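**Q** Sequence and predicted structure below; questions after.
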4 protein chains.
Amino acid sequence: MASQRGLGVAVIGTGKMGADHVRRLHEVISGARVAAVADTEPERAKSLAATIDGCTAYTEPAAAMASGEVDAVLIASPGPAHEAALVDALGHDLPVLCEKPMTPDTASSLRILEAEQRLGHRRIQVGFMRRYDAEYVKLKELLDSGELGAALMLHQRHRNLAMPPGFTDEMLITSSVSHEVDATRWLLGQEIAAVTVHKPKATSLAPAGLNDPQFILLETASGALVDVEIFGHCGYGYQVQAEAVCERGTVRIGDEQGPRVSADGRWGGHVPPDYVERFEDAYDREVQAWVDATRRGEITGPSAWDGYAAAAVCEAGVASQREGGRVGVELAERPGFYA
Amino acid sequence: MASQRGLGVAVIGTGKMGADHVRRLHEVISGARVAAVADTEPERAKSLAATIDGCTAYTEPAAAMASGEVDAVLIASPGPAHEAALVDALGHDLPVLCEKPMTPDTASSLRILEAEQRLGHRRIQVGFMRRYDAEYVKLKELLDSGELGAALMLHQRHRNLAMPPGFTDEMLITSSVSHEVDATRWLLGQEIAAVTVHKPKATSLAPAGLNDPQFILLETASGALVDVEIFGHCGYGYQVQAEAVCERGTVRIGDEQGPRVSADGRWGGHVPPDYVERFEDAYDREVQAWVDATRRGEITGPSAWDGYAAAAVCEAGVASQREGGRVGVELAERPGFYA
Amino acid sequence: MASQRGLGVAVIGTGKMGADHVRRLHEVISGARVAAVADTEPERAKSLAATIDGCTAYTEPAAAMASGEVDAVLIASPGPAHEAALVDALGHDLPVLCEKPMTPDTASSLRILEAEQRLGHRRIQVGFMRRYDAEYVKLKELLDSGELGAALMLHQRHRNLAMPPGFTDEMLITSSVSHEVDATRWLLGQEIAAVTVHKPKATSLAPAGLNDPQFILLETASGALVDVEIFGHCGYGYQVQAEAVCERGTVRIGDEQGPRVSADGRWGGHVPPDYVERFEDAYDREVQAWVDATRRGEITGPSAWDGYAAAAVCEAGVASQREGGRVGVELAERPGFYA
Amino acid sequence: MASQRGLGVAVIGTGKMGADHVRRLHEVISGARVAAVADTEPERAKSLAATIDGCTAYTEPAAAMASGEVDAVLIASPGPAHEAALVDALGHDLPVLCEKPMTPDTASSLRILEAEQRLGHRRIQVGFMRRYDAEYVKLKELLDSGELGAALMLHQRHRNLAMPPGFTDEMLITSSVSHEVDATRWLLGQEIAAVTVHKPKATSLAPAGLNDPQFILLETASGALVDVEIFGHCGYGYQVQAEAVCERGTVRIGDEQGPRVSADGRWGGHVPPDYVERFEDAYDREVQAWVDATRRGEITGPSAWDGYAAAAVCEAGVASQREGGRVGVELAERPGFYA
């Protein structure tokens, strides 16, 4: 599909995440080049395009896709703009890597599923990049090998130094826990049937009005129980850990690594401040894998169904957060198309 | 109180736990001696007493206590026999170290609280020995120091290689999780207000009829949320871990220690098979601290109130186990006597 | 220098290491392409070239470099062939990444230094890839920051599962310890003044005639003492560790990472079988950094001087191995060209 | 041998170490009591004796031993006073636990060996308490099991926060490294044949005139090579680590344990400030084992031969320190008496 010059990618959205993907495609990823950028702010798109040979700036995603220069689309615009861009990409039959969330709610997610099925082949990969983190990959392999028996529980910790201003209870679920929602579905290979959100005593160091931390229970179709601690203002760094409890053993990932210093009466090391340091390699691997698969005409990563399912679980989570108690997850029947 | 020969202790119950305490008092603990043993099986008591100079065997705890040779009582008989032995000890105004559970239910526990208050001074210490484990002690000191701010959550893991035959769902709460119940109350310095028991997919390696593992949520008076994984048949050893989540940091204890071997393509170490190896030092410290305090005429460890409160939480846990959902913990008003 | 199609690299030598670099340049590295491969075995070169668009096979490195298609050279042929290829590359004024050792002895290394100085600008980078490993980089940053004071000692462990047949005592120094020689010079920022090789009791599991393990002391110009355990047949995997002892603290890198499994009475994880798994990322970063610098017309990595200095230390090491005792390292005066 | 009141111990020397042993025997150790204390400063002995029922103060060790109240002797006076006290104890045929060093040099150590042999049975245990540390014990068991094959190397680290004023180069060997000397002989089960002391660049944070740290190589009779880093002023705490390199695997002990805190951008824990915190349990186990063995009429710990051998290795170490180079260890032939 791509010319010998590498896969020509249009990057939609040039904010922090989009600009980082532009840099990644330009400097890190083999076999791809940034053919176009699109942003509703024309100046931002133009100044970014100016730094890259052969890259054109657009304000409309559809215009970029129609230019004939584009082999594939990476969507990094704000969530509410995703649906239109996805529809455009499907209209041009272009492969898409769409940052999470695929769309902000289940209704729009279902429309995307329908559109992709009408197209007749899969084109959409959703940006759940934990599936590309080295430790998560090894945990998945170990679970799939069956040597530890069935997974019964999964304990997850997701701690942030601090959240940006305006972060809400709801965003703790839709923006943060959505990573654990996908990790759970992927690691355990099954859907999530119910969600219960608990609100422990809140830290005095979070902004007023935010119930932080929260503790979420997910029940999977097979009855595995999953707990997620989401802590937006833990105050000391970014820490993501998971422990699978299986019939014959347990596996823990996410312990801090790197130099171990002994000084000043203490031993230990550094906690990264944010996801950039912790998951930079995973982002690189994600985009590289998408470029490679796309050049082979294949699709290998998290699908639009995965994007939809995460949205459905998050909706149940937000309902539990608001009304309390256990909320069942209502999923549409999974089309064979996404088997 | 004790003669120069050391505190004369009557050990009530000479099963596995009682015999181990006899050995401990005889060989390890400074300042104490085993003056009497009592068991409903006279031969077992006699053969044990015969191994120790100056130790007399009894079938009735009350007879041992009335002998004039006894300065203090250690109760290690089965739980249903505790109430009578405690009443006898209080009747003779003797200090008691009573293995957990203090009594099997809250009604009997309340009767003990009343009896001790009638006596007018505290005599009863309950055998929650985690309070004497070096790592738990350091965690408690760190929480009490306030340097990490308020505790918001506490994650606990309690895994056993396997349980003895006949172990029931109810015993997962009353015999196992009761340790975490006390650890929670002690570490956080507050009562537990409600309990919810969850039953994940059960391991196929536990006996039929046992829902193993289980996952218990405890809510404390201040709103801290505590989760406990109890796993009776994890299959690989005995593992007890805790992680406190505070406003300014987290603290984890219970990671495996000792020699780290690299061989056969693996690095790592040994998981102890049972609580004896893991907590032997804590048992020694517990009994030593009790002996020392008793010789000074003081009482320092977990009180009868702690025994009662644990029973009350376990009753709520068993109710949640049976009927599902969240069950509030009903506690009597705490007497100033136990302040 | 490179066309828009990316830096055209000639890979000299298509054995295991060369073929791996071809794959890396083709599939992983952004901004480069494999323009030519050269090998004394024509069939091997041809079949490799056939897998890559626009790649030509040669038997003579010089012919590849003269073809006009080549912007840079990566030398991965056997050590004795390096000098001629380096001379050819300098003759064509092409940037080179040359696998270690730069050349097999100091006499030939000195000739290369002279040739590069005659050319008048630096073109050669030597393949000491530990400088690109994430943990080594962090250790270097910490030492350079000065916050731990001066480095006084450096303890290093270099263990291999097993060595290929025919591996000799001498190769333990020139092929294995040469990594620690460069790491020492780079981390401490000074030359090595003397070498003493010790031969402990040999493992019965190494081939007859090989003194394995060995223990090497390096003394640096400032008096820091460095020890290196080289173990060719440790039998359990590939393990590279370092610990710097400074005036105000110590730093350890190389502890095993990744999933921590508890099962079968043990906790722990996997030891990688070889350098490919352990240092794959470092190789990628090394070649990427070389490509990036080359495209900018810069040279940033280990220089020909570093290649020469390592050869001089290894020569002293081999002398100590043969004759016993401490052997001083004789270094030519460092030209300002390599300052 | 001991009365029913427990083994009556005379503690010789009531400085810091002696007073700590008095406390230990009085409060921690089962089956023993402090019957006498002796010190050249009468007031110090008297005020200590006054705190313990049935304890008499002496200025002369011999007088304490002759009192008829003493079943065993614990020598904790300064090293130069050990020989006389040992001779007295052997003269009264009393079991002795003698703090290290047994005597300050090999000549006096040999006289003690002869005196004990003349007595005809062993009475002396030397205070090498690392043999009672839980991790060292597990390492010893693992080495003795043979499952990792023969031990080829042993890497040891011995770091102190700071040394008392007046600490000399020589004392780094005789007072500090003597622990590793005994640990080496015990763990590997063989004598040490030669010593080489290296003096790296010294820390600027040690007092002038002290070469700190030092790096000592020990060669054992079977050819195993042992290295010891002794660092008197590492500035951050007390750290004792060992790693055995065997034919089939490696074993590391001494990594820091206890609560793992994540806060302020760092993960890790506490480094103990001194040997008291790190090895308190080992001291307790050592004295308890000596009391238990003595009451059974046995002798089980490090013998006078072990005390002599350590002195001989330290003498060679001091010679290497002064004159440089490798110094052979001259050992008398080991009498069958100490087999």
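**A** Received it, and whenever you're ready, just let me know what you need.

**Q** Who are the contact partners of the nearest residue to A:Q241 once chain neighbours are set aside?
**A** Spatial nearest neighbour of A:Q241, excluding adjacent residues (C-beta to C-beta, 6 or more residues apart in numbering or on different chains): A:G254 at 3.4 Å. In short, each C-beta sits where N, CA and C put it, glycine included. A:G254 is in contact with A:E135, A:R157, A:Q239, A:V240, A:Q241, A:A242, counting by C-beta atoms under 8 Å, 6 or more residues apart in numbering or on different chains.

**Q** Looks to me like the last one is in a helix.
**A** Same thing as A:A242. No: under DSSP: H, G, I helix; E, B strand; the rest coil, A:A242 falls outside any helix and is assigned strand.

**Q** pLDDT wise, what is the spatially closest residue to it that is not a sequence neighbour at?
**A** The spatial neighbour of A:A242 that comes closest, neighbours along the chain excluded (C-beta to C-beta, 6+ apart), is A:Q156 at 4.9 Å. A:Q156 is assigned 98 on the pLDDT scale.

**Q** What strand or helix carries A:Q156?
**A** strand A:151-159 (DSSP states H and E).

**Q** other SSEs contacting that strand?
**A** helix A:178-188, strand A:225-231, strand A:239-246 (3 or more C-beta pairs under 8 Å, 6 or more residues apart in numbering or on different chains; DSSP states H and E).

**Q** Show me which positions of the shortest one end up buried.
**A** It stands for strand A:225-231. Buried residues in strand A:225-231, counted by 16 or more other C-beta atoms under 10 Å in any protein chain shown: A:L225, A:V226, A:D227, A:V228, A:E229, A:I230, A:F231.

**Q** filter these down to the ones close to chain B.
**A** A:L225, A:D227, A:E229, A:F231 (C-beta under 8 Å from any C-beta of the partner chain).

**Q** what's around A:S204, how many residues?
**A** Neighbours of A:S204 under the rule other C-beta atoms under 10 Å in any protein chain shown: 12.

**Q** which residues touch the closest residue to A:A282 other than its chain neighbours?
**A** Excluding its sequence neighbours, the residue lying closest to A:A282 (C-beta to C-beta, 6+ apart) is A:D133, at 4.0 Å. Contact partners of A:D133, counting by C-beta under 8 Å, 6+ apart, are A:F279, A:D281, A:A282, A:R285.

**Q** Please list the members of the residues you listed that lie in helices.
**A** Mapping these onto helices (DSSP state H) picks out A:F279, A:D281, A:A282, A:R285.

**Q** hmm, back to that, buried ones only from the contacts of A:G254, please, as a ChimeraX command.
**A** A single ChimeraX command selects the buried members of these (16+ other C-beta under 10 Å):
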select /A:135,157,239,240,241,242
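
**Q** Just the helices from the stretch 101-250 of chain A, written as ranges.
**A** A:106-119, A:134-145, A:169-171, A:178-188 (DSSP state H, counting those that start in this stretch).

**Q** Buried deepest among those, which one?
**A** Comparing those by mean neighbour count (mean count of other C-beta atoms under 10 Å in any protein chain shown), helix A:178-188 ranks first with a mean of 23.

**Q** who does the closest residue to chain D within the stretch 201-339 of chain A bridge with?
**A** Nearest to chain D, among the residues of the stretch 201-339 of chain A, is A:G268, at 1.4 Å (C-beta to the nearest C-beta). Under DSSP bridges, the beta-bridge partners of A:G268 are A:V261, D:G268.

**Q** close enough to count as contact, it and D:G268?
**A** Yes: assessed by C-beta atoms under 8 Å, A:G268 is found in contact with D:G268 at 1.4 Å.

**Q** Give the residues shared as contacts by those two.
**A** With C-beta under 8 Å, 6+ apart, A:G268 and D:G268 have common neighbours A:R260, A:V261, D:R260, D:V261.

**Q** got CSV for those residues, with distance to D:P273, pLDDT and neighbour count too?
**A** Shown next, in CSV, are the shared contacts of A:G268 and D:G268 (distance: C-beta to C-beta, whole Å; pLDDT from 0 to 100; neighbours: other C-beta atoms under 10 Å in any protein chain shown):
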residue, distance to D:P273, pLDDT, neighbour count
A:R260, 19, 90, 22
A:V261, 17, 92, 25
D:R260, 19, 90, 22
D:V261, 17, 92, 25
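
**Q** Take the residues you listed and lay them out in a markdown table including distance to A:G31.
**A** Below are these laid out as a markdown table (distance: C-beta to C-beta, whole Å):
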| residue | distance to A:G31 |
| --- | --- |
| A:R260 | 37 |
| A:V261 | 39 |
| D:R260 | 42 |
| D:V261 | 44 |
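
**Q** ok so, going back, test my guess that the residue nearest to A:A242 contacts A:E229.
**A** Yes: using C-beta under 8 Å, A:Q156 is in contact with A:E229, at 7.0 Å.

**Q** can you pull the contacts of the closest residue to A:Y283 other than its chain neighbours?
**A** Nearest non-adjacent residue to A:Y283, counting by C-beta to C-beta, 6+ apart: A:M129, 5.4 Å away. Contacts for A:M129 (C-beta under 8 Å, 6+ apart) come out as A:F279, A:A282, A:Y283, A:E286.

**Q** How confident is the prediction for A:M129, by pLDDT?
**A** Residue-level pLDDT assigned to A:M129 equals 94.

**Q** likewise A:S176?
**A** The model's pLDDT for A:S176 equals 96.

**Q** Same check on A:T59?
**A** pLDDT, read off for A:T59, is 97.

**Q** burial count for whichever residue of the stretch 101-250 of chain A sits closest to chain C?
**A** The stretch 101-250 of chain A approaches chain C most closely through A:G249 (2.9 Å), counting by C-beta to the nearest C-beta. Using other C-beta under 10 Å, A:G249 has 22 neighbouring residues.

**Q** residues in contact with the closest residue to it other than its chain neighbours?
**A** Leaving aside its sequence neighbours, A:G249 sits nearest to C:A263 (C-beta to C-beta, 6+ apart; 2.9 Å). If you count contacts by C-beta under 8 Å, 6+ apart, C:A263 has them with A:L148, A:R248, A:G249, A:T250, B:G235, B:Y236.
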